[in-house]
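> Got a predicted structure here, sequence first:
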Amino acid sequence: MPVVNRIAEFAEEMKAWRRHLHQNPELGFECHETAAFVVARLQEFGITEIHDGIAQSGLVALIRGRGAGPVIGLRADMDALPIEEATGADHTSLVPGKMHACGHDGHTTMLLGAARYLAETRNFTGTVALIFQPAEENGGGGELMVQEGILERFGIETVYALHTEPNASLGQLSTTPGPIMAAVDTFEIHITGQGGHGAMPHLAVDAIPAAVSITQAFQTIVSRNHNSVEDLVVSVTQIHAGTIDNVINDDAFVGGTVRTFEGLVQDMVERRMSEICAGHAASFGVDVRCIYTRGYPATINSAPETAFATDVAREICGDALTAASRTREMGAEDFSYLLQKRPGCYLFLGQGDGAGWHNAAFDFNDDVAQVGASFFARLVERAQPMET
């Protein structure tokens, strides 16, 4: 895998950074120790313009190039997941019930590697804005950083990010113009009937049949209300009701997730869920309350920046390990908030065989860290070249 020679020289140091981060995971917005580690490394690299405390524990660091020019933003997420690690690795998490099961330790390391190289060489014009973000997994740290004005405050004009991808070819960079990851919404259905004795159902109003019927009816949204050539997922992931075998419970709960790429599809799903719930309330004689919550929007790459990023990827990985039109994912990503405001590109970096995302056996593959760091570095040098 072709990488920048200087970055390859400190690959072992990058491995040590990554494994330190892996052993010390933090959740959500509480990435204070992770941020402190990042700041210490940046200061070692001679980077002095560091702005911390953004979105509680996020930070933006600036590296000035040689001459005037635009500002390019490179983002890495820092937070872990509430999972008990089962990798058995020597560098396993030291924090019970928390682990880096989605590679954010690797993302942070790759951006640190690029930062070290760029701070040493400054072989570019303009400015690089290094964005270290908390709370990607569940909290919308990217949205909060945007709301707190990082794009305007630092004059960021374009944005790029990488995400590791298990079970994709080692060192492959892949992306696609347009939507690459879905919008994620959630729904909660609260059904209230009237409890009673299990032997006397005629004297009660049972919420469970309504919950079961609503669950089944929701499946028709995809199969009968939606154009089959477009992507849509409606998944019921929770049903809760009852406590004992001879009691008809007062209430029931149905919950789940919706994944879409188009706002009109979101509107349709929300409307149909409300209609289905209203109909079932009347049919079963229960009270039904439908709460539909819109979460991260779809992650949509801009075409020119994606073409450019793909060209840089070919330089680093070669044609065989560059995919310019990958299949879009139904997972979600809060880098979408940055892409709503600025043109840019989100890419995946293959890390070979292994456990998948959000799995207790997942571990970032240190062999690809230098590939990601090299991509970021060359992206900057190509986007904002020195005058010849």
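In hand now; what should we look at? Here the structure is a predicted model, which means the values were calculated and not measured. Numbers count the residues shown, from 1 in each chain.
> ok, Pro209 - how many residues close by?
Number of residues near Pro209 (other CB atoms under 10 Å) recorded here: 17. Heads up, the C-betas are built off the backbone N, CA and C, glycines and all.
> In the helix or strand where Pro179 lies, which residues are buried?
Assigned by DSSP states H and E, Pro179 belongs to strand 178-181. For strand 178-181, a neighbour-count test (16 or more other CB atoms under 10 Å) marks Pro179, Ile180, Met181 as buried.
> Then stretch 89-96?
Buried, per 16+ other CB under 10 Å, within stretch 89-96: His91, Ser93.
> And that stretch, how far out from the chain middle?
From the chain centre to the centre of stretch 89-96 is a distance of 23 Å (CA atoms, centre = their mean, to the nearest Å).
> what distance separates the start and the end of that stretch?
15 Å (CA to CA, to the nearest Å).
> Tell me which stretches of the stretch 1-150 of the chain form helices.
Here the stretch 1-150 of the chain has its helices, by DSSP state H, counting those that start in this stretch, at 5-9, 11-23, 32-44, 104-121, 141-147, 150-153.
> so what's Ile131 bridging to?
Val60, Arg75 (DSSP bridges).
> Contacts only, for it.
Gly58, Val60, Gly73, Leu74, Arg75, Ala76, Met145, Ile150, Val159, Leu338 (CB atoms under 8 Å, 6 or more residues apart in numbering).
> of those, closest to Gly356?
Nearest to Gly356 among these: Ala76, at 20.4 Å, using CB to CB.
> My reading is that His190 lies in a strand. Confirm?
Yes: according to DSSP: H, G, I helix; E, B strand; the rest coil, His190 belongs to a strand.
> For it, which residues are in contact?
The contact partners of His190, by CB under 8 Å, 6+ apart, come to Asp251, Phe253, Val288, Arg289, Ile291.
> Could you check how far it is from Ala210?
11 Å (CB to CB, to the nearest Å).
> Overlap of the contact sets of these two?
Joint contacts of His190 and Ala210 (CB under 8 Å, 6+ apart) are Val288.
> Skipping adjacent residues, who's closest to Phe154 in space?
Ala129 (5.0 Å; CB to CB, 6 or more residues apart in numbering).
> so the one you found makes contact with Ala76?
No: contact between Ala129 and Ala76 fails when scored by CB atoms under 8 Å: they sit 11.9 Å apart.
> Now do the strands in the stretch 201-350 of the chain.
With DSSP state E, counting those that start in this stretch as the criterion, the stretch 201-350 of the chain has strands at 233-241, 247-248, 251-260, 287-294, 299-301, 322-323, 344-350.
> residue closest to the middle of the chain?
Glu333 (3.1 Å; CA atoms, centre = their mean).
> residue contacts, that one?
Glu136, His163, Met181, Tyr296, Thr299, Tyr346.
> Distance check, the nearest residue to the first one once chain neighbours are set aside against Thr158.
What it means is Glu136. Take Glu136 and drop its neighbours on the chain: the residue closest to it by CB to CB, 6+ apart is Asp77, 3.8 Å away. In this structure, Asp77 and Thr158 are 18 Å apart, going by CB to CB.
> picking up where we left off before, ranking by neighbours, what's the top pick from the contacts of His190?
Ranked by neighbour count (other CB under 10 Å), the contacts of His190 have Val288 at the top, with 24 neighbours.
> In this structure it contacts Ile276, no?
No: between Val288 and Ile276 there is no contact under CB under 8 Å: 9.0 Å.
> so what's the backbone phi/psi at the closest residue to Gly65 other than its chain neighbours?
Of all residues not flanking Gly65 in the chain, Phe124 sits nearest, at 4.1 Å (CB to CB, 6+ apart). Main-chain torsions, Phe124, degrees, to the nearest 10: phi -160, psi 160.
> any idea of the pLDDT on Phe124?
Confidence at Phe124, expressed as pLDDT, is 98.
> do the one 5 residues further on as well
Here the pLDDT value assigned to Ala129 is 99.
> The residue nearest to Gly65: what's it in contact with?
Taking CB under 8 Å, 6+ apart as the test, what Phe124 contacts is Gly65, Arg66, Gly69, Leu118, Val380, Glu381, Ala383, Gln384, Pro385, Met386.
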